[in-house]
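> Got a predicted structure here, sequence first:
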Amino acid sequence: MPTVAQEARAEASEPAAAHHVEEPPVWSAVLAAICLVATVGGAVLRQGPAATACYALAYLAGGVPTAIAAAGDLFRGRLNVDLLMILAAAGAAFLGDWFEGAVLLFLFALSNTLETYALYRTRRSIDSLIRLRPREAWRVNESGHETLLPVEALAVGDRVRVRPGEAFPVDGVVVEGETWANEATLTGESTPVGKSTGDEVFAGTHNGEGSVVVQMTRAPRDTRLEAIVRMVREAQASQTPTQRFVERWQQPYVAAVLMASLALAAGSWLIHDRNLGDAFYHAMVLLVALSPCAVVIGTPAVTLSAIARAARLGILFKGGAYLERLSAVDTFAFDKTGTITRGTPCLTDFVVLDGTDPEALLARAAAVEARSEHHLGRAIVEEAERRGLELATEVRDFHAHAGQGIHGVVQGGWIGVGREGLFAAHQVALPPGISDLAERLRQQGRTALLAVMDGPLGRGPSHAGGVFGLADTPRPEAPAAFQALRRLGIRELILLTGDHRQAAEAVAAQVGVDRVVAGLMPGEKVAELRRLQAEGRVLAMVGDGVNDAPALAVADLGIAMGGAGTDVALDVADVVLMRDDLSLLPIAVWLSRLTRRRVGQNLAIAFGVIAVLAAGSFLGMPLWLGVMGHEGSTVLVVLNGLRMLWERPPADLIAA
């Protein structure tokens, strides 16, 4: 019976090149149908050679695959549920109860078919992504000639043409043209993403209305799509603690059932003076009643479906254990930059001193910042471009000072952009009042950069300038996502950041974080997490997967804001949010708790039916009724697990 989990683990070990789209369990269903027809035929004919032939066919169709599986495990020194079913069917035949044995084998074959179908459904939801990647691509050579080739024939560095409406065949960078891409296959988000020169595209995503040339950056087996499929397969093959516990006691349990059945048969014959046939029949009923099929399949039926469902939503769990662990989390800790915020600062304020021409100052500041690689400088350049200002192309004596700022000579005048220390180091006196402007912005949680011109600028004094206020703005979905987490009963939301307290508290006030711990180095974040764990918290750390790696590793559960292109996030975290969308967090928590409830329901059903059937076996319950109860509970837990594939999150979580 545990073949579902075993097959998943075997499949996860295949190399990426061996991935194939799983086929539905057609042969298993055909054999179950033959077993059913033959059983009904034998029951109608009742007796005679024709009835015997029908029952023999039913035994062959329903029993041979199970007997092969049981014999293989027995040869390797393992006992499983298949052995119990074969022994019960053989015992029924020995007693002449061919019909009851055939019914047992049919129902067992039917439940195995449903288990295989459940695995097929969960795999298909992931394997269907493989179909999205084209098998061929138009390679463009240096002269512009296009040749249609299999994707496997391409090499890193090749250029391919992707026409409107086609799927991107490779991971690469756009080197010609503009378009938009639907990346729902990777992130679960169908909103189109604009793509132009220098932007990354991914195999399996869909091109919009533009024709583009893409330079290949990853081999076909190393694409983001393949990495996701491989990771989800491995997650489905892994086991939760509950599942590992069930499989650990399966062998001793089966052995105990066999011993109990033999003891019951011997006791009924020797002590209660029953005839040997009745004693043996009573033992077969107990053997079927105590068989743990539903117990064994109850956990993987739910977990496999949940992992597949999460992946389609853009939430990648690296294993069933992490899915189970998330359900126990009561505290979330968040990094700030790139997690709660977008990770890209923008210009929020631009204040100039009296007598300073703001556009002239902005144009000259942007001219020197255009030579810088600092992300804060890029926000200043973008603001100048947005205003349509013309930037000077000649900048002399440009210098950048780490942690202080930059300076250069533009149109004959020295200009510096940075912190106060930059100007003190160059003996440039700050204009009166400019430090007060900077401090006011910093109190509002902004990063303040001073821009000072030493020399004539516009119509102002010789020392003219202003202050740029920059901030990394929170993700728009963060407030609603945090409210949804509180509705789910999360105890506390904590912001852990290396930024100064004013900036951190400004962000926390906007998104609704409970507590802020600022000014932390990576090692201090780890220490803070350990302190929280010492208080008994079950802690999830949410970060960007790069500089937060130590904190993600030490937390009870590490959750990375992965995005479609972050390789590091796939490596360091236990869970990856592929859409860089905090609204996926409450959905992930809901899904993990729903999984825990479904597993609990399945185990309650399985053990409850075993208890009822075990009691019934001592009250004269016929074998066919024990078979119906046993296989019916197995079918029920499989269907309960499949519900995970289509059950929708509550409306208040989706709105988040």
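Thanks, I have the structure now.
> all contacts plus neighbour counts: C-alpha atoms, from now on.
OK.
> for the stretch 501-650 of the chain, what are the low-confidence residue spans?
545-547, 563-570 (pLDDT under 70).
> ok, which stretches of it are strands?
In order along the chain, the stretch 501-650 of the chain carries the following strands (DSSP state E, counting those that start in this stretch): 515-517, 539-543, 557-561, 575-577.
> closest one to residue 468 among those strands?
Of all the strands of the stretch 501-650 of the chain, strand 515-517 sits nearest to residue 468, with 25.5 Å by Cα to Cα.
> So what's the gap between that closest one and the chain middle?
28 Å (Cα atoms, centre = their mean, to the nearest Å).
> same check, this time on stretch 286-306
25 Å.
> burial of residue 443, as a residue count?
14 (other Cα atoms under 10 Å).
> how about the nearest residue to it, chain neighbours excluded?
Closest residue to residue 443 apart from its sequence neighbours, by Cα to Cα, 6 or more residues apart in numbering: residue 502 at 6.1 Å.
> mind checking how far that neighbour is from residue 445?
5 Å (Cα to Cα, to the nearest Å).
> Now do the nearest residue to residue 176 once chain neighbours are set aside, the pLDDT please.
Nearest non-adjacent residue to residue 176, counting by Cα to Cα, 6+ apart: residue 213, 5.0 Å away. Note on residue 213: pLDDT of 94.
> Could you export the helix or strand containing residue 213 as CSV, keeping only the C-alpha atoms?
Element membership for residue 213, per DSSP states H and E: strand 212-216. Coordinates of each C-alpha in strand 212-216 appear next as CSV, following Å, rounded to 0.1, in the frame of the first residue of the first chain:
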residue,chain,number,x,y,z
VAL,A,212,12.4,39.7,-29.2
VAL,A,213,15.8,38.1,-29.5
VAL,A,214,17.0,36.4,-26.3
GLN,A,215,20.6,35.4,-25.4
MET,A,216,20.6,32.1,-23.6
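> Which one's more surrounded, residue 502 and residue 445?
residue 445 (21 against 16).
> tell me the secondary structure for the more buried one?
Here residue 445 is coil, with the state taken from DSSP: H, G, I helix; E, B strand; the rest coil.
> check contacts around it.
Applying Cα atoms under 8 Å, 6 or more residues apart in numbering to residue 445 gives the contacts 471, 502, 503, 504, 505, 506, 507.
> tell me the secondary structure for the residue nearest the centre of the chain?
In the chain, the centroid-proximal residue (Cα atoms, centre = their mean) is residue 316; its distance is 0.8 Å. Look at residue 316: counting by three-state DSSP, its state is strand.
> And it, how far from residue 552?
With distances taken as Cα to Cα, residue 316 is found 15 Å from residue 552.
> same question, residue 63
50 Å.
> How many residues are close by residue 467?
Every residue meeting other Cα under 10 Å relative to residue 467 is counted, giving 26.
> contacting residues for it?
349, 350, 351, 352, 434, 437, 438, 448, 449, 450, 451.
> Just the buried residues of those.
350, 351, 352, 434, 437, 438, 448, 449, 450, 451 (16 or more other Cα atoms under 10 Å).
> closest to residue 516 among these?
residue 448 (21.2 Å).
> Tell me the secondary structure at the closest residue to the closest one other than its chain neighbours.
Nearest residue to residue 448, sequence neighbours excluded (Cα to Cα, 6+ apart): residue 469, at 4.8 Å. Assigned with three-state DSSP, residue 469 falls in the strand class.
> and residue 316, what does it touch?
Per Cα under 8 Å, 6+ apart, neighbours of residue 316: 228, 232, 307, 310, 575, 576, 577, 578.
> what's across from residue 417 in the sheet?
residue 406, residue 451 (DSSP bridges).
> I'd say the residue nearest to residue 443 and residue 441 touch.
No: using Cα atoms under 8 Å as the test, residue 502 is too far from residue 441 to be in contact (10.1 Å).
> Pull up the overlap in contacts between those two.
With Cα under 8 Å, 6+ apart, residue 502 and residue 441 have no common neighbours.
> any residues touching the helix or strand that contains residue 44, and which ones?
For residue 44, the enclosing helix or strand under DSSP H and E is helix 26-45. The contact list for helix 26-45 (Cα under 8 Å, 6+ apart) reads 50-55, 57-62, 99, 102-103, 105-106, 109-110, 112-113.
> one more time with 6 Å
Applying Cα atoms under 6 Å, 6 or more residues apart in numbering, the contact partners of helix 26-45 are 51, 54, 55, 58, 61, 62, 102, 106, 109, 110, 113.
> circling back: tabulate the buried ones among the contacts of residue 467 in CSV, adding columns for secondary structure and pLDDT.
Compiled in CSV, the buried ones among the contacts of residue 467 are given as follows (DSSP: H, G, I helix; E, B strand; the rest coil; pLDDT from 0 to 100):
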residue, secondary structure, pLDDT
350, strand, 92
351, strand, 90
352, strand, 89
434, helix, 89
437, helix, 89
438, helix, 89
448, strand, 88
449, strand, 90
450, strand, 92
451, strand, 91
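> Looking at these, which one is closest to residue 93?
residue 448 (86.8 Å).
> and the closest one, what does it touch?
438, 468, 469.
> Give the closest residue to the first one in space, chain neighbours not counted.
Which is residue 438. residue 448 (5.4 Å).
> so who does residue 346 touch?
Counted by Cα under 6 Å, 6+ apart, residue 346 has contacts 379, 470, 471.
> For residue 636, see how far away it is.
Residue 346 is 55 Å from residue 636, by Cα to Cα.
> Likewise for residue 288?
In terms of Cα to Cα, residue 288 sits 17 Å off from residue 636.
> And for residue 429?
On the measure of Cα to Cα, residue 429 and residue 636 end up 80 Å apart.
> Please, where are all the strands along the stretch 201-350 of the chain?
Under DSSP E, counting those that start in this stretch, the stretch 201-350 of the chain gives strands at 206-207, 212-216, 315-317, 331-334, 346-352.
> For residue 72, find the nearest of those strands.
That would be strand 315-317 among the strands of the stretch 201-350 of the chain, by Cα to Cα, at 32.6 Å.
> what ranges of the stretch 101-250 of the chain fall below the confidence cut-off?
In the stretch 101-250 of the chain, residues with pLDDT under 70: 115, 118-132, 184-191, 231-250.
> Need the per-residue pLDDT for residue 4.
For residue 4, pLDDT reads 44.
> just the one 5 residues further on next, same as before
Among the per-residue scores, residue 9 shows a pLDDT of 41.
> so how far is residue 111 from residue 73?
Distance from residue 73 to residue 111, by Cα to Cα: 20 Å.
> quick one, which of the two is more surrounded?
residue 111 (24 against 15).
> And residue 20, what's its pLDDT?
pLDDT, residue 20: 43.
> Next: the one 5 residues further on.
With respect to pLDDT, residue 25 has a value of 67.
> what about residue 393, how many neighbours?
Residue 393: 11 neighbours (other Cα under 10 Å).
> give me phi/psi at residue 172?
phi -170, psi -170 (degrees, to the nearest 10).
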